[in-house]
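Asker: please find the sequence and the predicted model below.
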Amino acid sequence: MHAWPDIYLPQLPSRFAVPSLSLFNTASQKVETLPEKKRYRMYVCGITPYDATHLGHAATYLTFDLINRYLRATGATVDFVQNITDIDDPLLERAKRDNIDWKDLARSQIDLFKGDMTDLHVIPPKDYIGVVEAMQLVVDAVEKLRSTGTTYEVGSDIYYRVHSDDEFGNRSHYSQEKMLTIFAERGGDPDKVGKEEPLDALVWLSQRDGEPGWPSPFGPGRPGWHIECCAIALHYLQPDLDDDFAIDIQGGGSDLIFPHHEMSAAQTRSMTNQRFARTYVHTGMIGLNGEKMSKSLGNLVFVSKLIASGVSPAAIRWALMQHPFADDLMWTDHLLEAASIEIERLQLNLARMEVAPTDLVIQEIVDALSSNIDTPRALKAITRWMQETESGKTGGVAGELGRALDTLLGITL
């Protein structure tokens, strides 16, 4: 599947020092410095295309866009792969509710998502892969799991024994009780009769009446959620077999810590004997006016509607970057209004003939981002530069700062 159009990144002048990137690793529960490499492998879980892109999506994909930009600024290549879960229960349920073909619903929402990512100036993935187009890869992955003796059948469905991986639970650090609760809330079936263990994960669902299915050696059906990402990541990122880890960064929202990322990692380890990701990076959840933002509550704020109403994409990025990416954020209209004012102010200052010195602010932005993508600190440096410019200080190069903001923060004016 084609991603959205690529974007041009201005090169950061060589006189700026670009330190190694440190990130908070969910698995180790601490900030760790990534090893210096010429090539990084990053996999970010994509949308299930049954509704438009909301601010929770935007916050997640903005974070990994910033990571992508920073690693590129170090001179490295980033192999960035993202999937689309274009066959899943929520998609089929929404299509049935709205009396629309599930394939048409998925296509329309994927197109809308691509448009939103283009507007938000997000670097597209090297490979943007739908589960439907990767079905043979998934079938092959299920076959590989079966060959390891880590699966069993419940009726005509196939399940993975999660405790086949002796590190199961080490990435999420949740108690058994919490895992069971979350598993039931997020697509799992802990109470299914016939399972050996409540947390064992579905890897192949045999075809149900009225639902789509794909051929396989174990009968027609469709994949479980977690095996899809294993299959796509391992194929398109081509892990270095001499490395202890298959990929460098696994990313997504904090709602994916468990079960999705935990179980994807376990299944990958059973298939390859490699640990899946060196670093697990998770973004916080977005709320609205004091409540959790969710489809069930009907209080989602959609990116496309904000932009259609005249909101600058740069203002959306600024508003989301005002808080640490891993923290939950309560969204308000005031937050966006304040961000819009700051973007207009930045545009006016960058248009001046004489501006305050710019080398220091560019280096401060780089240093802030190197430290666990500290965007609040980066924005404070920009705000201080605007104050200095407005007070009459000179000696900077506005064009160079503008290009650095594009390269590092994705802010284009």
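Answerer: Sure thing, it's come through. Residues are numbered from 1 along each chain as shown.
Asker: quick check: residue 180 touching residue 191?
Answerer: No - contact between residue 180 and residue 191 fails when scored by C-beta atoms under 8 Å: they sit 9.5 Å apart. For glycine as for every other residue, the C-beta is placed from the backbone atoms N, C-alpha and C.
Asker: which secondary structure elements does the helix or strand of the chain with the lowest mean pLDDT contact?
Answerer: Taking mean pLDDT, DSSP states H and E as the measure, the helices and strands of the chain show their lowest mean at strand 291-292, namely a mean of 74. With contacts taken as 3 or more C-beta pairs under 8 Å, 6 or more residues apart in numbering; DSSP states H and E, strand 291-292 sits against no other helix or strand.
Asker: where's residue 140, which helix or strand?
Answerer: Here residue 140 sits within helix 135-147, counting by DSSP states H and E.
Asker: after that helix, next one along is what?
Answerer: Once the chain leaves helix 135-147, the next helix or strand it forms, by DSSP H and E, is strand 151-154.
Asker: partners of that next one, with directions?
Answerer: Each strand that pairs with strand 151-154, with its direction, by DSSP bridges: strand 157-160 (antiparallel).
Asker: adjacent strands (with direction) for the least confident helix or strand of the chain?
Answerer: In its sheet, strand 291-292 lies beside strand 286-288 (antiparallel), with partners assigned from DSSP bridges.
Asker: other residues contacting the strand it pairs with?
Answerer: The set of residues that contact strand 286-288 without belonging to it, under C-beta atoms under 8 Å, 6 or more residues apart in numbering, is 54-56, 59, 293, 299-301, 328-332.
Asker: filter those residues down to just the ones in strands.
Answerer: When DSSP state E is applied, these are split such that 329-331 fall in strands.
Asker: pLDDT below threshold where in this protein?
Answerer: Applying pLDDT under 70 to the predicted model, the residue ranges of the chain that meet it are 294-297.
Asker: going by residue numbers, what spans are strands in it?
Answerer: If DSSP E is used as the criterion, the strands of the chain fall at 22-25, 30-33, 39-44, 77-84, 127-130, 151-154, 157-160, 201-206, 221-223, 245-253, 275-283, 286-288, 291-292, 329-331.
Asker: can you put those in TSV and add mean neighbour count?
Answerer: Supplementary listing: the strands of the chain in TSV, determined by neighbours: other C-beta atoms under 10 Å:
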stretch	mean neighbour count
strand 22-25	20
strand 30-33	12
strand 39-44	23
strand 77-84	22
strand 127-130	21
strand 151-154	17
strand 157-160	24
strand 201-206	23
strand 221-223	24
strand 245-253	24
strand 275-283	24
strand 286-288	21
strand 291-292	12
strand 329-331	19
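Asker: format the ones you listed as TSV; extra columns: distance to residue 351.
Answerer: Compiled in TSV, the strands of the chain are given as follows (distance: least, C-beta to C-beta, whole Å):
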stretch	distance to residue 351
strand 22-25	35
strand 30-33	38
strand 39-44	35
strand 77-84	32
strand 127-130	36
strand 151-154	62
strand 157-160	57
strand 201-206	55
strand 221-223	52
strand 245-253	36
strand 275-283	33
strand 286-288	32
strand 291-292	40
strand 329-331	30
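Asker: out of these, which comes closest to residue 108?
Answerer: If you check each of the strands of the chain against residue 108 by C-beta to C-beta, strand 77-84 wins as the nearest, at 12.7 Å.
Asker: what residues of stretch 119-135 count as buried?
Answerer: Under the neighbour-count criterion of 16 or more other C-beta atoms under 10 Å, stretch 119-135 has 119-132, 134-135 buried.
Asker: residue 70: which of these is nearest?
Answerer: Minimum distance to residue 70 across the buried residues of stretch 119-135 is 11.3 Å, recorded for residue 123 (C-beta to C-beta).
Asker: hey, C-alpha coordinates of stretch 84-93 in CSV?
Answerer: The C-alpha coordinates for stretch 84-93 follow below in CSV (Å, rounded to 0.1, in the frame of the first residue of the first chain):
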residue,chain,number,x,y,z
ILE,A,84,-2.8,-0.8,9.1
THR,A,85,-5.1,-3.2,10.9
ASP,A,86,-7.5,-3.3,7.9
ILE,A,87,-9.4,-6.4,9.1
ASP,A,88,-10.6,-6.6,12.7
ASP,A,89,-13.8,-6.9,14.7
PRO,A,90,-14.3,-3.2,15.2
LEU,A,91,-14.0,-2.5,11.5
LEU,A,92,-16.5,-5.3,10.7
GLU,A,93,-18.9,-4.1,13.4
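Asker: buried residues in that stretch, which are they?
Answerer: With burial defined by 16+ other C-beta under 10 Å, the residues of stretch 84-93 counted as buried are 84-88, 91-92.
Asker: and the residue nearest to residue 375 when sequence neighbours are not counted, how far from residue 84?
Answerer: With sequence-adjacent residues excluded and distances taken as C-beta to C-beta, 6 or more residues apart in numbering, residue 375 is closest to residue 321, at 3.7 Å. Distance from residue 321 to residue 84, counting by C-beta to C-beta, to the nearest Å: 25 Å.
Asker: residue 394 too?
Answerer: Counting by C-beta to C-beta, the gap between residue 394 and residue 84 amounts to 49 Å.
Asker: what is the helix holding residue 140 packed up against?
Answerer: strand 157-160, strand 201-206, strand 221-223, helix 225-237, helix 262-272.
Asker: save those as JSON lines, and put in distance to residue 145 too.
Answerer: Shown next, in JSON lines, are those (distance: least, C-beta to C-beta, whole Å):
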{"stretch": "strand 157-160", "distance to residue 145": "6"}
{"stretch": "strand 201-206", "distance to residue 145": "6"}
{"stretch": "strand 221-223", "distance to residue 145": "11"}
{"stretch": "helix 225-237", "distance to residue 145": "7"}
{"stretch": "helix 262-272", "distance to residue 145": "6"}
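Asker: residue 78: which of those is closest?
Answerer: The stretch from those with the least distance to residue 78 (C-beta to C-beta) is helix 225-237; that distance is 10.9 Å.
Asker: dump the residue contacts of residue 31.
Answerer: Shown in contact with residue 31 (C-beta under 8 Å, 6+ apart): 22-25, 371-372.
Asker: ignore the last one, residue 403
Answerer: For residue 403, the contacting residues are residue 10, by C-beta under 8 Å, 6+ apart.
Asker: distance check, it against residue 35.
Answerer: Counting by C-beta to C-beta, the gap from residue 403 to residue 35 is 28 Å.
Asker: likewise for residue 298?
Answerer: In this view, residue 298 and residue 35 are 45 Å apart by C-beta to C-beta.
Asker: tell me how far the residue lying closest to residue 256 once chain neighbours are set aside lies from residue 257.
Answerer: The shortest distance from residue 256 to any residue other than its chain neighbours is 5.8 Å, reached at residue 45 (C-beta to C-beta, 6+ apart). If you measure residue 45 against residue 257 using C-beta to C-beta, the figure is 11 Å.
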